[in-house]
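let me see the structure of the following:
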Amino acid sequence: GGTRAILAAVQAHIISYLLFTRQTECTHLERLCRVGRWEQEQALATALAETLWAAGGGGRAVVCLVTAPITMMPREGYRATSFTERIQLFEFSEKAAAQGFISDHINCFKGEGSHGVILFLCSLLFSRTLER
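Numbering: from 1, shown residues only. I've put the predicted structure just below:
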């Protein structure tokens with residue numbers, strides 16, 4: 001399935017947020033029909049934060065972002081990919097802080113060529129921890 005399983009889980013959280021969590025006067029069906037770009041981004045940020053928070057056992061979330069290119073020589077036997085070397089981890093001990101950070105950096109997850117699914121998968125792994 002490739003990325004479909006990850007995308008389906010995120011989409012389920014987005015729909016749940018838009019239908020049941022978001023504060024609006026509209027009926028359930030109207031809630032989905034009247035969603036602007038800002039609300040779409042908030043729904044995505046909420047879905048990502050909630051999923052990462054759950055992966056972290058309700059006590060932490062780690063968000064991975066790609067930073068600016070750096071110049072370094074790879075160690076012997078190691079090939080630089082120019083992607084993994086630029087991943088930076090941001091750890092949060094409050095769900096609201098993680099959600100705010102994701103919201104502020106939402107383009108890193110949704111922009112074309114942003115590697116958003118890969119970054120989210122890495123964030124899930126680091127939130128859950130490799131031991132778990």
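
when you work out contacts or count neighbours from here on, use the C-alpha atoms and nothing else.
OK.

list the contacts of the closest residue to A98 other than its chain neighbours.
Counting by C-alpha to C-alpha, 6 or more residues apart in numbering, F92 is the residue found nearest to A98 once chain neighbours are left out, at 5.7 Å. Residues counted as contacts of F92 (C-alpha atoms under 8 Å, 6 or more residues apart in numbering) are 60-62, 98.

list phi and psi for F92.
In terms of degrees, to the nearest 10, the main-chain angles of F92 are phi -130, psi 140.

next secondary structure after the helix or strand bottoming out on mean pLDDT in the chain?
Lowest by mean pLDDT, DSSP states H and E among the helices and strands of the chain is helix 28-33, with a mean of 68. Elements were assigned by DSSP states H and E; along the chain past helix 28-33, the next helix or strand is helix 37-55.

elements contacting that following helix?
Using 3 or more C-alpha pairs under 8 Å, 6 or more residues apart in numbering; DSSP states H and E as the contact criterion, the elements in contact with helix 37-55 are helix 4-16, strand 61-66, helix 95-104, helix 116-128.

need the residues that contact the second one.
Residues outside strand 61-66 that contact it (C-alpha under 8 Å, 6+ apart): 49, 52-53, 55-56, 83, 86-95, 98, 102, 108, 119-120, 122-124, 126-127.

please identify the pairing partners of that strand and their relative orientation?
In the sheet containing strand 61-66, the strands it pairs with under DSSP bridges are strand 87-92 (antiparallel).

of the contacts of F92, closest to L18?
Nearest to L18 among those: A98, at 19.4 Å, using C-alpha to C-alpha.

what pLDDT does that closest one get?
What the model reports for A98 is a pLDDT of 97.

can you list the domains in this structure?
Using the TED database, the domains assigned to the chain come out as 1-34, 36-71+79-131.

out of those domains, which one sits most buried?
domain 36-71+79-131 (a mean of 17; mean count of other C-alpha atoms under 10 Å).

need the contacts of F92 in TSV (columns: distance to R132).
Compiled in TSV, these are given as follows (distance: C-alpha to C-alpha, whole Å):
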residue	distance to R132
R60	14
A61	14
V62	14
A98	21
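
no more questions from me, cheers.
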